[in-house]
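# Just the structure for this:
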Amino acid sequence: MTTEIPDKLLYFGDNLGILREHIGDESVDLIYLDPPFNSARDYNILFASPKGGRSEAQIVAFKDSWQWGMQAEGEFDEIVRGGHTDVAEMIQAMRRFLGENDMMAYLVMMARRLLELHRVLKPTGSLYLHCDPVASHYLKIVLDSVFGKTRFGSEISWRRSSAHNDAKQGRKLPGNIRDVILFYTKSETWTWNWLYTPYDEDYVRHFYTHIDEKTGRRYRLGDLTAAKPGGDVSYDFHGTRPYKGRYWAYSRENMEKFHAQGRLHFPKNGGTPAYKRYLDEMPGVPLQNDWSDIRPVPPNEYLGYPTQKPLALLERIVQASSNEGDVVLDPFCGCGTAVHAAHKLKRKWIGIDITHLAIALIEKRLKDAFPGIAFAVHGTPRELEGARDLAARDKYQFQWWACSLVNAQPYQGRKKGADGGIDGLIYFQDEQKAHKKIVVSVKGGGNVGVAMVRDLVGVVEREKAEIGLFVTLAPPTQAMRSEAAKAGFYLSPTLPGNFPRLQILSVEGLLEGRERPLYPDLSQGGLTFKKAPREEKTADQKPLF
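A predicted model of the protein is given here:
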């Protein structure tokens, strides 16, 4: 099966199903994945038995997949009964060694997805799996079984922070400041573009010791002689000859050209000349597997996403292992750094994530960075019926999605009963040095009433918020709107207009663009979600005139 891939695609949902249903065989040139795995906790908790309590090493979206239970057992059985013998044998051996625990559930989940990723990868394609040392050795074994034991390319080390004081956690271990990126190729002929990094300052000082008197350019000396003769290589050149047993490496004609170009260095005390190799003409050091030169996410780039990676890291991967027009896939796209880098470097891209929070963040990031960008989003509700379906299937995902309709931060995740009547937060600014708050309550049920409106009024007062937004899937009643009107108005101290203190917004109205939250904001949403820096001179940006 082969499928023509549109230029830009964003999918909400489990990447396993999306890969199987929407991504064709050998249709992707480069895969980068950073599967979420919070190993900041004690390493041993990953091996706790199900009876030993819930592991803390999961994020909300994969909570069920990362605990050993019926789902993990079913995925394990599918691998064993599948057609890939090496993976089936390896995953059974790992289960015998590790037992039934969170780590084993994680590896089973990853094995199934890696099999699909191998299927969609072109023969010239590469895969980069970003992880940390807690699970990297197990993932490497899984990758060997999926790709073949000869397809391992390199283990890249990236320094994600400068120092950790792990002693505070009671650990008698070195601080872990690096991540691991496992690089695999599908065949012996893979796409590779050599990249170069700057020379180390000590190297430059040691080897590039000469300064050109006329230009101030730094250079080192290169030998102009050879061990074997070949052509016109035995002659006097400005009173010099190679020392005994050596020959000129260049013809007389070329040597004169070098001299005319000022490329020759003649020792002050005599002797054979040398060739000037200027530092600014050298490409640098060919890319190695220690990427400590790429710093953590800079402040102007950080969007508040806990596992965000720096754009420079993904740009390096995209540049090294793909060409313009190639398809880049990130099946755990998080806050979208990989698709951002792919678009910036003129690649096609596919991003997949299982949370609406991530999808909403990526949509905003791309639109901020690339004004005028157009891309397709699949799996998120675009009409009322889709919203009802999402609310029926997963109320938490519905809440996160509904918060994105009003540009609000989701609040408290899945902690039942801990939200205090708050599902989302918006921060705004309508005077200098004053950040103000809006609380959002989302109702996805079929019945809403006046009591819920009164409850939100109480939450607004308790939280000392300026405004409350009541976002409802069911149509609000006139009695609810009358109750909301009793809350009065928020009057901005600096900006004109009266803003209802309690606003009822229907999901249908928000989807159709008939309704929107009303509040004054000098930051234009920049306090709720950080704005991605705008990329200059991109293909999507059209002239103003």
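
# before we move on, which element is Tyr396 in?
Element membership for Tyr396, per DSSP states H and E: helix 395-405.

# List the buried residues in that helix.
Under the neighbour-count criterion of 16 or more other Cβ atoms under 10 Å, helix 395-405 has Tyr396, Gln397, Phe398, Gln399, Trp400, Trp401, Ala402, Cys403, Ser404, Leu405 buried. The way it works is simple: take the backbone N, C-alpha and C, and place the C-beta from them, glycine included.

# Next: stretch 495-513.
Residues of stretch 495-513 classed as buried under the neighbour-count rule (16+ other Cβ under 10 Å) are 499-511.

# Residues in contact with it: which ones?
Stretch 495-513 is contacted from outside by 381-384, 387, 402, 405-406, 430, 453, 456-457, 460, 466-473, 475-476, 480-481, 484-485, 487-492, 515-520, 522, using Cβ atoms under 8 Å, 6 or more residues apart in numbering.

# buried subset of those?
Of the contacts of stretch 495-513, these count as buried by 16+ other Cβ under 10 Å: 381, 387, 402, 405-406, 430, 453, 456-457, 460, 466-473, 476, 480, 484, 487, 490, 492, 515, 517, 519-520.

# residues near Tyr302, how many?
Neighbourhood size, Tyr302 [other Cβ atoms under 10 Å]: 14.

# now swap in the one 4 residues further on and tell me
The burial metric for Pro306, expressed as a neighbour count using other Cβ under 10 Å, is 9.

# quick one: it and Ser404, what's the gap?
Pro306 sits 18 Å away from Ser404 when distances are taken as Cβ to Cβ, to the nearest Å.

# rewinding a little: mind listing which of the buried ones among the contacts of stretch 495-513 are in helices?
Ala387, Ala402, Leu405, Val453, Leu456, Val457, Val460, Met480, Ala484 (DSSP state H).

# need those in JSON lines with distance to Cys335, can you?
Formatted as JSON lines, these follow (distance: Cβ to Cβ, whole Å):
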{"residue": "Ala387", "distance to Cys335": "24"}
{"residue": "Ala402", "distance to Cys335": "20"}
{"residue": "Leu405", "distance to Cys335": "19"}
{"residue": "Val453", "distance to Cys335": "34"}
{"residue": "Leu456", "distance to Cys335": "30"}
{"residue": "Val457", "distance to Cys335": "34"}
{"residue": "Val460", "distance to Cys335": "30"}
{"residue": "Met480", "distance to Cys335": "36"}
{"residue": "Ala484", "distance to Cys335": "34"}
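
# still on that earlier bit, return the member of the buried residues of helix 395-405 nearest to Ala360.
For the buried residues of helix 395-405, the residue nearest Ala360 by Cβ to Cβ is Ser404; the value is 3.5 Å.

# contacting residues around that closest one?
Applying Cβ under 8 Å, 6+ apart, we find Ser404 in contact with His356, Leu357, Ile359, Ala360.

# If we use 10 Å, what do you get?
Residues counted as contacts of Ser404 (Cβ atoms under 10 Å, 6 or more residues apart in numbering) are His356, Leu357, Ile359, Ala360, Leu361, Glu363, Lys364, Thr380, Pro410, Gly424, Leu510, Phe529.

# Show me those residues that map onto strands.
The members of the contacts of Ser404 that map onto strands under DSSP state E are Pro410, Gly424.

# mind listing which of the contacts of Ser404 are in helices?
Mapping the contacts of Ser404 onto helices (DSSP H) picks out His356, Leu357, Ile359, Ala360, Leu361, Glu363, Lys364, Leu510.

# What about the fifth one, how many residues nearby?
It refers to Leu361. For Leu361, the count of nearby residues is 24 (other Cβ under 10 Å).

# tally of neighbours for the nearest residue to it once chain neighbours are set aside?
In this structure, Leu361 finds its nearest non-sequential neighbour in Cys335, 5.2 Å apart by Cβ to Cβ, 6 or more residues apart in numbering. When counting by other Cβ under 10 Å, one arrives at 24 neighbours for Cys335.

# what's the spacing between the residue lying closest to Glu463 once chain neighbours are set aside and Lys530?
Nearest non-adjacent residue to Glu463, counting by Cβ to Cβ, 6+ apart: Val439, 5.5 Å away. For Val439, the distance to Lys530 equals 20 Å [Cβ to Cβ].

# between those two, which one's more packed in?
Val439 (25 against 19).

# bridging residues for that one?
For Val439, the beta-bridge partners under DSSP bridges are Leu425, Gly468.

# correct me, but it touches Val406?
No: Val439 lies out of contact with Val406 (Cβ atoms under 10 Å); the separation is 11.3 Å.

# Next, the contact list for the residue nearest to Glu463, please.
Contact analysis of Val439 by Cβ under 10 Å, 6+ apart lists 408, 411, 420-426, 456, 459-460, 462-470.

# where's Leu143 relative to Trp190, distance?
Distance from Leu143 to Trp190, by Cβ to Cβ: 15 Å.

# Then Ser404?
Following Cβ to Cβ, the distance that separates Ser404 from Trp190 is 38 Å.

# Of all residues in this protein, which one is nearest the centre?
Geometric centre of the chain, nearest residue: Thr337, 3.6 Å, by Cα atoms, centre = their mean.

# From Leu311, how far off is that one?
From Thr337 across to Leu311, the span is 6 Å (Cβ to Cβ).

# and what of Val204?
Noted for Val204: a distance of 27 Å to Leu311, by Cβ to Cβ.

# higher neighbour count, these two?
Shown here are Val204 and Leu311; by other Cβ under 10 Å, Leu311 has more neighbours (21 against 15).

# doesn't Val339 make contact with the more buried one?
No: Leu311 sits out of contact with Val339 when judged by Cβ under 10 Å, with a separation of 11.0 Å.

# list the residues that contact both of the two?
Common neighbours of Leu311 and Val339 (Cβ under 10 Å, 6+ apart) do not exist.

# Nearest to Arg534, out of the ones in helices among the contacts of Ser404: which one, please.
Ranked by distance to Arg534 (Cβ to Cβ), those are led by Lys364 at 12.7 Å.

# ok, that closest one - contacts?
Taking Cβ under 10 Å, 6+ apart, we find Lys364 in contact with Leu303, Cys335, Gly336, Ser404, Asn407, Gly525, Phe529, Lys530, Lys531, Ala532.

# Let me know how buried the first one is, in neighbour terms.
Using other Cβ under 10 Å, the number of residues around Leu303 comes to 18.

# contacting residues for the closest residue to it other than its chain neighbours?
Leaving aside its chain neighbours, Leu303 sits nearest to Lys530 (4.9 Å; criterion: Cβ to Cβ, 6+ apart). Counting by Cβ under 10 Å, 6+ apart, Lys530 touches Pro299, Asn300, Glu301, Tyr302, Leu303, Gly304, Tyr305, Leu361, Lys364, Arg365, Asp368.

# Determine which two of those residues are furthest apart.
Pro299 and Lys364 (18.4 Å).

# Work out the gap between the lowest-mean-pLDDT helix or strand in the chain and the centre of the chain.
Within the chain, no helix or strand scores below strand 409-410, which has a mean of 82 by mean pLDDT, DSSP states H and E. Centre-to-centre, strand 409-410 and its host chain are 20 Å apart (Cα atoms, centre = their mean, to the nearest Å).

# re earlier: name the residues contacting each of Thr337 and Leu311.
By Cβ under 10 Å, 6+ apart, the residues touching both Thr337 and Leu311 are Val297, Glu301.

# how about the helix or strand hosting Phe428 as PDB, C-alpha atoms only?
Phe428 belongs to strand 424-431 when assigned by DSSP H and E. Extracted in PDB, the C-alpha atoms of strand 424-431 (Å, rounded to 0.1, in the frame of the first residue of the first chain):
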ATOM      1  CA  GLY A 424      -9.400  26.300  32.700                       C
ATOM      2  CA  LEU A 425      -7.700  29.600  33.300                       C
ATOM      3  CA  ILE A 426      -7.100  32.700  31.200                       C
ATOM      4  CA  TYR A 427      -4.700  35.500  32.200                       C
ATOM      5  CA  PHE A 428      -5.000  39.000  30.800                       C
ATOM      6  CA  GLN A 429      -3.600  42.500  31.300                       C
ATOM      7  CA  ASP A 430      -5.400  45.800  31.000                       C
ATOM      8  CA  GLU A 431      -3.100  48.000  33.000                       C
END
